[in-house]
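Q: The sequence and its predicted three-dimensional model are supplied below.
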Amino acid sequence: MTRISNYILPRLAPVLAFLGWAAAAMAGGDIVVAAPETEAIVAPRDSDPGLVNLPPLEFELRAAFKCQGEPVSVTLSIADTFATLGSEALAGQRAAEAMLTVPPQQLALAGNARFCIDGDPDTADELLVPGLATAHASLRCTTGESVSVHYASAPLKARLICAREPAPAQEAPSDSR
């Protein structure tokens with residue numbers, strides 16, 4: 001038995017230490033972040049590039065949180081765009097919301113060769129881009145003598161809608177009796 005405990009216990013010690021650390025970290029608080037799909041209107045583009053230039057995109061973020069103690073702040077971010085809500089805004093709340101407008105320079109270009117090409121009505125008028133960006137949330141909690149920080153992230157979806165010129169209306173058939 002001593003041989004087994006001399007062999008197994010040293011190998012289990014890091015695992016047990018990690019589990020204890022994880023339980024302590026989770027005890028201080030928790031946060032989750034979510035956002036509905038956003039829509040953006042894009043202009044038809046030349047057929048040469050397979051990339052779609054994006055306009056600024058608006059995302060409505062919501063974070064649900066809980067603290068052991070009191071929330072100090074919640075920060076919601078996408079790329080380099082962020083909003084931070086302080087303890088005054090979070091007092092008595094269990095959720096935080098923010099509308100973030102992300103400039104196109106902070107987002108990757110969407111690639112699709114068959115979407116919204118100028119002069120080609122056979123290309124798609126809508127494109128769903130899952131995972132276009134990622135929403136991040138951080139929560140700071142305090143229990144008086146200690147501060148803990150908790151993180152969450154979620155992929156974001158964007159639906160791109162092509163702003164083509166409307167087709168000319170057909171004339172009503174003439175009544176030639």
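A: Right, received. Where do you want to start? Residues are numbered from 1 along each chain as shown.
Q: which regions of the protein lie under the pLDDT threshold?
A: 1-28, 48-50, 166-177 (pLDDT under 70).
Q: mind listing the strands for it?
A: Listed from the start of the chain, the chain has strands (DSSP state E) covering 29-34, 38-42, 51-52, 57-67, 70-78, 81-86, 95-102, 110-111, 126-142, 147-162.
Q: Look up how far Thr101 lies from the residue nearest the centre of the chain.
A: Residue closest to the mean C-alpha point of the chain, counted by C-alpha atoms, centre = their mean, is Ala135 at 2.8 Å. For Ala135, the distance to Thr101 under the criterion C-beta to C-beta, to the nearest Å works out to 13 Å. Every residue, glycine included, has its C-beta placed from N, CA and C.
Q: same question, Ser153
A: Noted for Ser153: a distance of 19 Å to Thr101, by C-beta to C-beta.
Q: Which one's more surrounded, those two?
A: Ser153 (13 against 10; other C-beta atoms under 10 Å).
Q: Return the residues in contact with Pro155.
A: By C-beta atoms under 8 Å, 6 or more residues apart in numbering, the residues touching Pro155 are 130-131, 133-135.
Q: Among those, find me the one that's closest to Val42.
A: Ala133 (15.8 Å; C-beta to C-beta).
Q: need the contact list for the nearest residue to the closest one once chain neighbours are set aside.
A: Spatial nearest neighbour of Ala133, excluding adjacent residues (C-beta to C-beta, 6 or more residues apart in numbering): Leu156 at 4.8 Å. Residues in contact with Leu156 (C-beta under 8 Å, 6+ apart) are 35, 38, 59, 78, 131-135.
Q: Would you mind putting the strands of the chain into JSON lines with distance to Asp118 alongside?
A: Formatted as JSON lines, the entries for the strands of the chain read as follows, by distance: least, C-beta to C-beta, whole Å:
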{"stretch": "strand 29-34", "distance to Asp118": "36"}
{"stretch": "strand 38-42", "distance to Asp118": "11"}
{"stretch": "strand 51-52", "distance to Asp118": "12"}
{"stretch": "strand 57-67", "distance to Asp118": "22"}
{"stretch": "strand 70-78", "distance to Asp118": "29"}
{"stretch": "strand 81-86", "distance to Asp118": "30"}
{"stretch": "strand 95-102", "distance to Asp118": "25"}
{"stretch": "strand 110-111", "distance to Asp118": "16"}
{"stretch": "strand 126-142", "distance to Asp118": "15"}
{"stretch": "strand 147-162", "distance to Asp118": "10"}
